[in-house]
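Enquirer: this is a predicted model, with the sequence first.
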Amino acid sequence: MILEGQPTRSIRRTADGAGVCILDQRQLPWEVRWVELRSADAAAVAIREMWTRGAPMIGATAAYGLAMALAEDGGDAALAAAHAMLVETRPTAINLRWALDTVRDAVAALPPAARAEAAFARADAICDEDAALCRAIGEHGLALFRDLHARHPDRPLNILTHCNAGWLATVDYGTATAPIYLAHDAGIPVHVWVDETRPRNQGALLTAFELRNHGVPHTVIADNAGGLLMMQGRVDAVIVGTDRVTANGDVCNKIGTYLKALAARDNDVPFYVALPYTTFDPATATGADIPIEERSAEEVARLTGPDETGRIATIRVTDSPALNPAFDVTPARLVTGYITERGVLARV
Ligand code: MRU
């Protein structure tokens, strides 16, 4: 992606190679702030407290976290401890475990002194691969979008998305956003309905920031608006990312995704899920077996944004008890197709 006029990726090594730079997503869209992570503990904090987020991106950050742990101590005990610490930071996205296992397995047979360098190299490879996977998802999604647009060539293609499955959530391109960016760049008129995605507002804050940055026409909507828009024929397709797809095709994604899939089915709107193979979890049978992260009720009880002086402030919207499950499961039967790096797998 291009950010502040420069081509860049959402995660990159520090100039000395010993740490990584990530965007502090808590500051977006108000401030583009890069932060350096220089230890496994720092990587764990960044993932747990959502300085960085999105399934592939937390995998990439954790991979570097494991490499940084090995730079301090390359022994077996340190490797196991850092893996255990990082894998517990967030429970739902399978990419986190996949990336940590991939790095661990790549270095386990090496002598301790050689492990850190090999782990950094493997983490770099995970990032390069993620960018390539998302690009391939974008190309397959682009073909799909061309077909959808051809049905109504006289008007823009209206896509609805939930949460942020963009380049902020991956190393580049995003998953759900990759076809949107490629279609826009190819001259297909695309307009995106952006669910605000309460309680953390990843849509209104992050996806809208990305689309604005790329010049893609978009409109932020309240999470409850999508059903009406579908009923009015103003949505041609829904496309979302995912944190884990199970063996039977169930899709775990940001809370609220399931309701969009239900509304899409009721209104004959195609519902697509974009994912790389790193998000597929064949070892988990169904969505009911996925651990659903429950985050602090404070995220529901408060709204965050700049006050009149530009200072980031939070206001409390309720003093009642609140509940904050961060993800839900969309049953496979509601999915029209999975857009992967290998092509679109349609449900028949
Ligand atoms: O809690 P978050 O912001 O990490 O949740 C992110 C999502 O639900 C994304 O849709 C998912 O990780 C796919 S990112 C390509």
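Expert: Alright, I've got the coordinates. Numbers count the residues shown, from 1 in each chain.

Enquirer: how much space separates N213 from L228?
Expert: From N213 across to L228, the span is 28 Å (C-beta to C-beta, to the nearest Å). Backbone N, C-alpha and C define where each C-beta goes, glycine included.

Enquirer: neighbour count winner among those two?
Expert: A direct count of neighbours by other C-beta atoms under 10 Å for N213 and L228 places N213 higher, at 16 against 13.

Enquirer: you'd agree the more buried one is in a strand?
Expert: No - assigned with DSSP: H, G, I helix; E, B strand; the rest coil, N213 falls outside any strand and is helix.

Enquirer: list the contacts of it.
Expert: Applying C-beta atoms under 8 Å, 6 or more residues apart in numbering, we find N213 in contact with 1-3.

Enquirer: near the ligand, which residues of the protein?
Expert: 53-56, 93, 163, 165, 169-170, 174-175, 202, 241-243, 253-254, 326 (C-beta under 6 Å from any ligand atom).

Enquirer: my guess is K260 contacts I159, does it?
Expert: No - between K260 and I159 there is no contact under C-beta atoms under 8 Å: 11.9 Å.

Enquirer: find residues that contact each of those two.
Expert: V238.

Enquirer: what pLDDT does I58 get?
Expert: If you check I58, the pLDDT there is 98.

Enquirer: typed the wrong thing, it's V348
Expert: 66.

Enquirer: again with I312
Expert: 86.

Enquirer: how near is it to L303?
Expert: Taken as C-beta to C-beta, the span from I312 to L303 is 11 Å.

Enquirer: what do you get for D73?
Expert: Applying C-beta to C-beta to D73 and L303 gives a distance of 43 Å.

Enquirer: same deal with L79?
Expert: Taking C-beta to C-beta as the measure, L79 falls 42 Å from L303.

Enquirer: neighbour-wise, which of these two wins?
Expert: Set L79 next to L303 and count neighbours by other C-beta under 10 Å: L79 wins out with 21 against 14.

Enquirer: how about whichever strand or helix holds that one: buried residues?
Expert: Following DSSP states H and E, one finds L79 within helix 76-87. For helix 76-87, a neighbour-count test (16 or more other C-beta atoms under 10 Å) marks 78-79, 82-83, 85-87 as buried.

Enquirer: please apply the same query to stretch 260-267.
Expert: Quick answer for stretch 260-267 (16+ other C-beta under 10 Å): 260-261, 263-265, 267.

Enquirer: what about the chain, any weak spots by pLDDT?
Expert: Along the chain, the model assigns pLDDT under 70 to residues 348.

Enquirer: okay, now the domains of it?
Expert: 2-129, 133-346 (automatic domain parsing).

Enquirer: for stretch 41-61, list the C-alpha coordinates in CSV.
Expert: C-alpha atoms of stretch 41-61 as CSV (Å, rounded to 0.1, in the frame of the first residue of the first chain):
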residue,chain,number,x,y,z
ASP,A,41,7.1,-9.1,25.7
ALA,A,42,6.5,-5.9,23.7
ALA,A,43,5.1,-8.0,20.8
ALA,A,44,2.7,-9.7,23.3
VAL,A,45,1.5,-6.4,24.7
ALA,A,46,1.0,-5.0,21.2
ILE,A,47,-1.2,-8.0,20.2
ARG,A,48,-3.1,-8.3,23.5
GLU,A,49,-3.9,-4.6,23.7
MET,A,50,-4.6,-4.3,20.0
TRP,A,51,-2.0,-1.8,19.0
THR,A,52,-1.9,-4.2,16.1
ARG,A,53,-4.7,-6.6,15.1
GLY,A,54,-6.3,-8.7,12.3
ALA,A,55,-5.5,-12.4,12.0
PRO,A,56,-2.6,-12.4,9.6
MET,A,57,-1.0,-9.4,11.2
ILE,A,58,-1.0,-10.8,14.7
GLY,A,59,0.6,-13.9,13.3
ALA,A,60,3.4,-11.9,11.7
THR,A,61,3.9,-9.8,14.8
